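In: Here's my sequence, what's the structure:
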Amino acid sequence: MNVRFLAVLGIGLLAFSAGGIVPVRAQSTGAGSAQVKYKVLPLVKLTVVPNYQAGFGPTGGTGSGSTPAVGALATLNSGTVDFGTVIGGYAYLYKFAAAVTVTTNDTSGFIVYAEGSTDLNGSNPVPSPPTFPINQALFWLVSGSSNSPFSAATAFNATSSPITGGGMNITYPGGVPPPSARIWSNSTAGTVTQGYDYELRLPTTAAPASGTTQFNVFVVYTVVGN
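Out: Take a look at the predicted model:
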């Protein structure tokens with residue numbers, strides 16, 4: 001049983017701003033001075049780059065008799081996270097899946113969240129069931145040279161909030177994603193980057209007993225100022 005899997009990256013961005021420029025002019029009948037009080041507008045910017053380093057792509061599938069290879073939709077510093085053809089029931093690690101860069105002038109820092117806009121959607125042909133829970137199949141971990149398909153990792157969850165843009169955006173009515181979607185917290189201002197690997201563990205029940213099917217999902221990243 002072959003399964004082709006794509007994890008397409010979407011970006012959700014929340015930028016918080018507050019305050020403004022408030023000049024207060026001192027009273028004077030002659031030569032004098034002016035006092036200006038102001039607040040800097042907090043800024044937070046998020047960039048997500050898939051396949052961010054040479055050597056990106058899937059490894060693993062030990063015992064399946066198949067050598068994993070990156071799919072055609074993945075290109076260096078762009079494209080999608082494309083596991084190519086994998087075998088259900090085996091574990092895979094996708095190296096250098098996504099680099100998340102955050103720039104902020106907020107000295108309180110930021111929090112980054114990531115959720116699937118849906119569960120895994122099956123197509124070409126549609127398997128039975130047509131969707132498979134993302135939290136049973138797709139996981140994230142911070143990139144590292146010691147990572148393997150069996151390294152400890154955290155599952156992505158499908159959002160319960162409204163989705164737009166064909167699945168590439170998530171609208172959070174409360175303004176902030178749920179705590180379970182948190183993947184990174186930083187408490188300083190500046191520009192920082194963190195890389196992530198993905199793990200895929202599709203069970204044999206996620207696809208037909210024979211033939212090839214395809215699963216797709218958007219992983220949406222959101223940054224919020226602390």
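In: low-confidence ranges in the protein?
Out: Along the chain, the model assigns pLDDT under 70 to residues 1-33, 35-40, 207-209.
In: do that again at 80, thanks
Out: Across the chain, the ranges flagged by pLDDT under 80 are 1-42, 205-211.
In: so who does the nearest residue to Pro162 once chain neighbours are set aside touch?
Out: Once flanking residues are discounted, Pro162 sits nearest to Thr171: 4.7 Å by Cβ to Cβ, 6 or more residues apart in numbering. Bear in mind the C-beta positions are built from the backbone N, C-alpha and C, glycine included. By Cβ atoms under 8 Å, 6 or more residues apart in numbering, the contact list for Thr171 reads 161-164.
In: now do 10 Å
Out: 12, 159, 161-165 (Cβ atoms under 10 Å, 6 or more residues apart in numbering).
In: between these, which is nearest Leu200?
Out: Within those, the smallest distance to Leu200 is 19.5 Å, found for Thr159 (Cβ to Cβ).
In: so the residue lying closest to that closest one once chain neighbours are set aside is in which element?
Out: With sequence-adjacent residues excluded and distances taken as Cβ to Cβ, 6+ apart, Thr159 is closest to Glu115, at 4.4 Å. Assigning secondary structure by DSSP states H and E places Glu115 in strand 110-116.
In: Tabulate the CA atom coordinates of that strand in CSV.
Out: Taking Å, rounded to 0.1, in the frame of the first residue of the first chain, the C-alpha atoms of strand 110-116 are listed here in CSV:
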residue,chain,number,x,y,z
PHE,A,110,6.0,36.3,21.1
ILE,A,111,4.4,32.9,20.9
VAL,A,112,4.1,30.8,17.7
TYR,A,113,1.2,28.4,17.1
ALA,A,114,0.7,25.8,14.4
GLU,A,115,-2.4,23.8,13.6
GLY,A,116,-3.8,21.8,10.7
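In: Off-centre distance for that strand?
Out: Its chain's average C-alpha position is 7 Å from that of strand 110-116, according to Cα atoms, centre = their mean, to the nearest Å.
In: buried ones in the following helix or strand past that strand?
Out: The helix or strand immediately downstream of strand 110-116 is strand 120-123, counting by DSSP H and E. Taking 16 or more other Cβ atoms under 10 Å as the basis for neighbour counts, the residues of strand 120-123 that come out buried are 120-122.
In: same check, this time on stretch 137-147
Out: 137-141, 143, 147.
In: among the residues you listed, which are in strands?
Out: Members of the buried residues of stretch 137-147 lying in strands (criterion: DSSP state E): 138-141.
In: Out of the residues you listed, the closest to Phe132 would be?
Out: Leu138 (9.6 Å).
In: so how far is Ala97 from that closest one?
Out: Using Cβ to Cβ, to the nearest Å, one gets 10 Å for the distance from Leu138 to Ala97.
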